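[1] Just the structure for this:
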Amino acid sequence: MDVSSAVAVLNHSVGAAIRVLVSLGQLEDKAITTAWFVEQVFEWFSLLISRYIGTAMSHFKPQAHQEAVTFLKEFASMFARVTIHKGSEQDQFKPVQTGVLITTTSALKIQHQLLSMYRFRFLLLCWLSQDALKNLFSCVRSRNPVPRALEFKLTLRLIMLSKFFRPSHKGNYAIDDSIDLLEFVEVKKAAAEKNFECSGTDEPSKEDLFLEDEAPLSLDDVEMESLVYVSGYIARSVSRWRKLCTTFKE
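    Have a look, this model is predicted:
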């Protein structure tokens with residue numbers, strides 16, 4: 001299981017890139033099917049690892065909830081009809097299809113029971129996965145693959161105190177992107193250090209050197225599309241957390 005590689009390939013950015021290449025005539029029209037499949041898998045994965053209320057299963061927004069439920073049902077039905085084979089091999093129902101069907105069906109039944117019967121306000125489907133448990137065991141086994149009871153207890157105590165949920169260097173686990181308490185300390189420390197920087201020197205700053213006029217780059221259509229995509233992603237990420245001037249927004 002290589003989570004990082006799968007996420008890198010089955011990503012909405014890959015689907016968008018395929019569509020751009022098709023529109024530019026560098027890929028055949030049938031590649032649109034691949035782009036659609038990649039986008040479907042990414043949306044399914046995003047729902048099942050939802051960590052925020054905006055993407056959680058809830059009745060706060062009935063229309064969005066119904067759309068999510070409908071998508072999961074249609075995705076499970078589509079994946080059950082997919083034929084996977086290599087070369088001249090006969091079509092077989094692969095374990096990945098079984099896993100997708102079990103995961104999707106379980107998520108739908110659990111969310112219905114918790115939201116409708118037990119009146120939960122919302123449900124983050126990420127808590128139905130085993131990612132946190134795998135990361136925990138990966139950290140415990142990083143020192144000793146077969147720890148004794150005392151070693152397990154001491155290691156678990158250190159992990160809980162330091163919130164050191166990071167994958168083992170020898171394992172195929174994706175990094176847990178949950179917020180660490182130390183991140184707030186680092187941000188506060190960096191802001192304090194910035195206030196003590198000297199601003200009266202005659203030497204040009206890194207920002208001034210970066211913003212100097214240079215000869216325009218010679219980019220083809222694909223490179224320009226990639227540059228616009230990355231620039232838009234950065235601008236949107238920055239604008240969500242910082243107050244920006246009108247020039248930057250334009």
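
[2] So for the helix or strand T33 falls within, what gets flagged as buried?
    Assigned by DSSP states H and E, T33 falls within helix 31-48. Within helix 31-48, the residues scored as buried using 16 or more other CB atoms under 10 Å are A35, V38, E39, Q40, V41, F42, E43, W44, L47, L48. (C-beta placed from N, C-alpha, C; glycine too.)

[3] got the contact list for the nearest residue to the fifth one once chain neighbours are set aside?
    Taking CB to CB, 6 or more residues apart in numbering, and ignoring the residues beside it in sequence, V41 has L10 as its nearest neighbour in space, at 4.5 Å. Contacts for L10 were tallied using CB atoms under 8 Å, 6 or more residues apart in numbering; they are V38, V41, F42, F45.

[4] Show me where this structure dips below the pLDDT cut-off.
    Scanning the chain for pLDDT under 70 picks out 1-2, 162-217, 244-250.

[5] Is the residue lying closest to Q111 once chain neighbours are set aside bridged to anything, and to what?
    Counting by CB to CB, 6+ apart, the nearest residue to Q111 once its immediate chain neighbours are dropped is M57, at 4.3 Å. Beta-bridge pairing of M57 under DSSP bridges involves L123.

[6] Tabulate the CA atom coordinates of the helix holding T33 in PDB.
    Below are the C-alpha coordinates for helix 31-48, written out as PDB (Å, rounded to 0.1, in the frame of the first residue of the first chain):
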ATOM      1  CA  ALA A  31      -8.400  10.600 -22.500                       C
ATOM      2  CA  ILE A  32     -11.400  12.600 -21.200                       C
ATOM      3  CA  THR A  33     -12.600   9.200 -19.800                       C
ATOM      4  CA  THR A  34      -9.400   8.900 -17.800                       C
ATOM      5  CA  ALA A  35      -9.800  12.400 -16.500                       C
ATOM      6  CA  TRP A  36     -13.300  11.700 -15.400                       C
ATOM      7  CA  PHE A  37     -12.300   8.500 -13.600                       C
ATOM      8  CA  VAL A  38      -9.500  10.300 -11.800                       C
ATOM      9  CA  GLU A  39     -11.800  13.100 -10.700                       C
ATOM     10  CA  GLN A  40     -14.400  10.600  -9.500                       C
ATOM     11  CA  VAL A  41     -11.900   8.700  -7.400                       C
ATOM     12  CA  PHE A  42     -10.500  12.000  -5.900                       C
ATOM     13  CA  GLU A  43     -13.900  13.200  -4.900                       C
ATOM     14  CA  TRP A  44     -14.700   9.800  -3.300                       C
ATOM     15  CA  PHE A  45     -11.400   9.900  -1.400                       C
ATOM     16  CA  SER A  46     -12.000  13.500  -0.300                       C
ATOM     17  CA  LEU A  47     -15.400  12.700   1.200                       C
ATOM     18  CA  LEU A  48     -14.100   9.700   3.100                       C
END
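
[7] Which of the three states applies to G87?
    Secondary structure of G87, reduced to three states by DSSP: H, G, I helix; E, B strand; the rest coil: coil.

[8] How about the contacts made by it?
    In this structure, G87 makes contact with no residue, judged by CB under 8 Å, 6+ apart.

[9] repeat for V20
    With CB under 8 Å, 6+ apart as the criterion, the residues that contact V20 are V222, E225.

[10] Is it within a helix or a strand, and which one?
    For V20, the host element (DSSP H and E) is helix 12-23.
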